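Visitor: sequence below, structure please.
(2 chains)
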Number of protein chains: 2
Amino acid sequence: MKVLVVYDIANDSLRNKIAEILKDFGLKRIQKSAFIGFLTSEERKDLERVLSRKSLEGNDRIDIFPICDRDLRFHSRIKHDGVYYGEKWE
Amino acid sequence: MKVLVVYDIANDSLRNKIAEILKDFGLKRIQKSAFIGFLTSEERKDLERVLSRKSLEGNDRIDIFPICDRDLRFHSRIKHDGVYYGEKWE
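Guide: Below is the predicted model:
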């Protein structure tokens, strides 16, 4: 299933480290602090384990949202030049 | 259906304005730049219209992800003190 990962991390170097981990899992960056991509449930559990071992601070948050393809069809991206539907990440 | 809205907005005052709009639509802030909540498809279309009229800059992005309740059950939130499952937003 596809997953969307969004995060709020206060520490700059930790935030960069989190981004590196998400790239290592093959996820695609769609915003500064948001990545998307396919993970098996096994890989999702591995990702949770790896991320939860990082020394997050009290207000840091990492959210992992599995999103089915049916829902992703209704995704909309609003940019300066209009609204784009479906899996459009540019 | 529930929607997750995540955004990358360069301009501080515009970013605050976007947050106000999302609150006005009854969405709950779960991260600095992420909100979640229930919208009818009519309300979602209204939200897209309102947001697309804002003067976004070239690299600004607002993503609206409808997420079904079944998917939300698999949501996980990683914090400094552990991993939380389901609709947990503290």
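
Visitor: what residues does chain A put near chain B?
Guide: Chain A comes close to chain B at residues A:1, A:4, A:6-8, A:30-34, A:44, A:48, A:51-52, A:55-58, A:60-68, A:70-72, A:74-80, A:82-83, as judged by C-beta under 8 Å from any C-beta of the partner chain. C-beta coordinates here come from the backbone N, C-alpha and C atoms, glycine included.

Visitor: report the outermost residue of chain A with respect to its centre.
Guide: A:D81 (24.2 Å; C-alpha atoms, centre = their mean).

Visitor: and that residue, its phi and psi?
Guide: phi -110, psi 20 (degrees, to the nearest 10).

Visitor: which SS class is A:I64?
Guide: What DSSP: H, G, I helix; E, B strand; the rest coil gives for A:I64 is strand.

Visitor: quick check: bridge partners of A:F35?
Guide: Beta-bridge pairing for A:F35 (DSSP bridges): A:V5, A:R29.

Visitor: my read: it touches A:L27, true?
Guide: Yes: the pair A:F35 / A:L27 is scored as a contact, 3.9 Å apart, by C-beta atoms under 8 Å.
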